[in-house]
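*Asks:* With the sequence up front, the predicted model follows.
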Amino acid sequence: MLEKILVPLDGSELAQGILPYVVRLARGMNSKLTLFTVVDPDVVRTPSKLGSRGSVWTEFGRIPISVPDERQSQEGSDTGIASHVFERTERTAEGFLREIAERIGGSDLEVDYRVGFGSPAD
């Protein structure tokens with residue numbers, strides 16, 4: 001019996017195609033599912049001079065950001081914007097996994113999710 005099944009997802013429809021099979025396997029074996037995605041900091045584009053409004057691209061799509069002026073002046077524009085972008089990217093990735101977990105989970109299937117930062121290959 002498998003106690004836990006780790007399901008790596010990258011935001012693509014191709015990766016999500018495995019979900020019906022994994023859900024069936026997990027239910028049949030009474031296993032817990034963990035949905036997992038990795039945010040690659042090298043893929044998240046943080047422009048050096050974005051200003052207080054704009055958007056950036058990540059593997060989870062376009063993320064609009066708005067950095068308050070006081071945050072930029074306190075943390076330095078590049079650092080403040082980069083920190084804000086990574087926070088927003090993490091929340092977006094969590095939302096992506098949460099939606100899937102809510103869709104496939106139920107009383108007969110325990111599903112949780114995790115977001116990591118680093119190289120997906122590692």
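*Replies:* Nice, I can see it.
*Asks:* what's the burial count for V38?
*Replies:* Using other Cβ atoms under 10 Å, V38 has 20 other residues around it. Backbone N, C-alpha and C define where each C-beta goes, glycine included.
*Asks:* What are the contacting residues of the one helix or strand it maps to?
*Replies:* In this structure, V38 sits in strand 32-39 according to DSSP states H and E. Applying Cβ atoms under 8 Å, 6 or more residues apart in numbering, the contact partners of strand 32-39 are 3-11, 22-23, 26, 58-60, 86, 89-90, 93, 96-97, 100-101, 104-105, 109-120.
*Asks:* now, which of the residues you listed lie within strands?
*Replies:* Those of those mapping onto strands are 4-8, 58, 111-117, per DSSP state E.
*Asks:* D122: neighbouring residues, count only.
*Replies:* With other Cβ under 10 Å as criterion, D122 counts 7.
*Asks:* related to what we said a few turns ago, could the ones in strands among the contacts of strand 32-39 go into CSV alongside distance to A15 and pLDDT?
*Replies:* Converted to CSV, the ones in strands among the contacts of strand 32-39 look like this (distance: Cβ to Cβ, whole Å; pLDDT from 0 to 100):
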residue, distance to A15, pLDDT
K4, 19, 96
I5, 15, 97
L6, 13, 97
V7, 9, 97
P8, 7, 94
T58, 16, 57
V111, 16, 97
D112, 18, 96
Y113, 14, 96
R114, 15, 96
V115, 15, 92
G116, 15, 90
F117, 18, 86
